[in-house]
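*Asks:* Prediction below, plus the sequence it came from.
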Amino acid sequence: MFGSLVLAAVVALVVVTPVSVSAQLAVLCPRATQTPVSALAAEFKRETGTDVKLTFGTAGGLRAKAAAGEPGDLIIGGASGIDQLARAGTVTQESRVELGTVMIGVAVRAGAVLPDVGTPASLRQAILAARSLGYADPARGGQGGTHFARVLEQLGLADTMKAKTTLFPEGLAALERVAAGEIELAVSPISEIVSVPGVALAGPLPDPLQARLTYSAAILTRAQSPEAAGAFLRLLTSPTGRARFRAAGFETPK
C-alpha cells in the first residue's frame, strides 16, 4: 500500500513539473500578432502557471534586438527575418514554426464613409482625397509600413502625400490616431486594424499592390527557458492557437 502511494506521488510530480518549468517566459512579439499572442499568453499562464512577458515592437526592430543579444526565449517575426536569424545561429532552426499570413489594409474612423480601395486607381483616388495619412515608419522595420511606402511610390504619390503624411514608430499608433479623429486614413496589417476599437477596415490593398505578410516563430539559442518556450510554441500552433490567429485576420497553415 505504502509503495503504491509513493509511486502515485512520483507520477504526480512528473506530470506537474513540466508546466512549472519556469516562472517567466520572455517573448519578442511584433504588433501584427499582438492580439492572438496576448490571448494565448494568458491561456498559457492559466494552464502552466508560467508568466509570459511580451516585448512588443516592429518585426524588423525585434529582429535587430535579437541579433544584438536582447534577452529572450522566443521570437515571433516575419518569416524571412526568422530565417535570417536561423542562418546566423540566433534561433534554433529545428524549432521554427509558421504561424500565419495576414494582408495589409486601409483603415478609417468607425462610422466614416468607407472609401473605395478595391483597385489601384480607386486606392490612389482615396489617398489623394484624404486630408491626412498615417502608417508605420519604414525606418523602424515594420513590414506593413515598409511595403506601403513602396506602394506610394508605385502610385506616384510619395512626394505628393509627404506634407499630409505622419510616420509612426508602429502602425498601431497610427490606428489609434484614426480612432481619435486626428488622422483620416491609416494603412496597417489587417490584424492590427481589427483589434483597435473606433476604427473600421475600408478593405485590403488591391491585389496588384498587396503584400501577404507571413509570420513565424522560433526559440532563441540563448533561451533561459527552452522547455517553456517549446510548450508555448505548441500552444501557438495548436487548434486553439490557429483559431486565435484566424479570428485576428490571419490565414493559418492547414
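*Replies:* Perfect, I can see it now.
*Asks:* how about the helices of the protein, start to end?
*Replies:* 2-16, 34-48, 59-67, 79-87, 120-129, 143-154, 171-179, 190-193, 226-236, 239-247 (DSSP state H).
*Asks:* least reliable of these going by mean pLDDT?
*Replies:* Mean pLDDT across the helices of the chain is lowest at helix 2-16; the value there is a mean of 36.
*Asks:* about what we covered before: with distance to Ala217 and mean neighbour count as added columns, please give the helices of the chain in CSV.
*Replies:* In short, each C-beta sits where N, CA and C put it, glycine included. Compiled in CSV, the helices of the chain are given as follows (distance: least, CB to CB, whole Å; neighbours: other CB atoms under 10 Å):
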stretch, distance to Ala217, mean neighbour count
helix 2-16, 26, 9
helix 34-48, 9, 18
helix 59-67, 11, 21
helix 79-87, 7, 18
helix 120-129, 32, 17
helix 143-154, 15, 21
helix 171-179, 20, 24
helix 190-193, 15, 27
helix 226-236, 6, 21
helix 239-247, 10, 17
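*Asks:* Touching, Ile193 and Val199? I think so.
*Replies:* Yes - using CB atoms under 8 Å, Ile193 is in contact with Val199, at 6.1 Å.
*Asks:* still on that earlier bit, which one of the helices of the chain lies closest to Leu25?
*Replies:* Proximity to Leu25 (CB to CB) singles out helix 226-236 among these, at 4.6 Å.
*Asks:* residues making contact with the closest one?
*Replies:* Taking CB atoms under 8 Å, 6 or more residues apart in numbering as the criterion, the residues outside helix 226-236 that touch it are 18-19, 21-22, 25, 27, 37, 40-41, 43-44, 47-48, 50, 52, 73-74, 95, 97, 99, 217, 219-220, 223, 241.
*Asks:* can you check stretch 174-184 too?
*Replies:* For stretch 174-184, the external contacting residues (CB under 8 Å, 6+ apart) are 107-110, 112, 130-136, 166, 168, 185-188, 192-193, 196-199.
*Asks:* picking that back up, quickly list what's touching both of Ile193 and Val199.
*Replies:* With contacts defined as CB under 8 Å, 6+ apart, the residues shared by Ile193 and Val199 are 107, 175, 186.
*Asks:* which one among the residues you listed gets closest to Glu153?
*Replies:* Within the set of the shared contacts of Ile193 and Val199, Ala186 lies nearest Glu153; the separation is 18.4 Å, counting by CB to CB.
*Asks:* In this structure that closest one contacts Tyr135, no?
*Replies:* Yes - with contacts defined as CB under 8 Å, Ala186 counts as touching Tyr135 at a distance of 6.2 Å.
*Asks:* mind checking the longest strand of this protein?
*Replies:* Looking only at the chain and at elements set by DSSP state E, the strand with the highest residue count is strand 97-109.
*Asks:* Any idea how many residues pack against Asp159?
*Replies:* Applying other CB atoms under 10 Å, we find 9 residues neighbouring Asp159.
*Asks:* could you measure it against Thr165, distance?
*Replies:* Spatial separation of Asp159 from Thr165 under the definition CB to CB, to the nearest Å is 10 Å.
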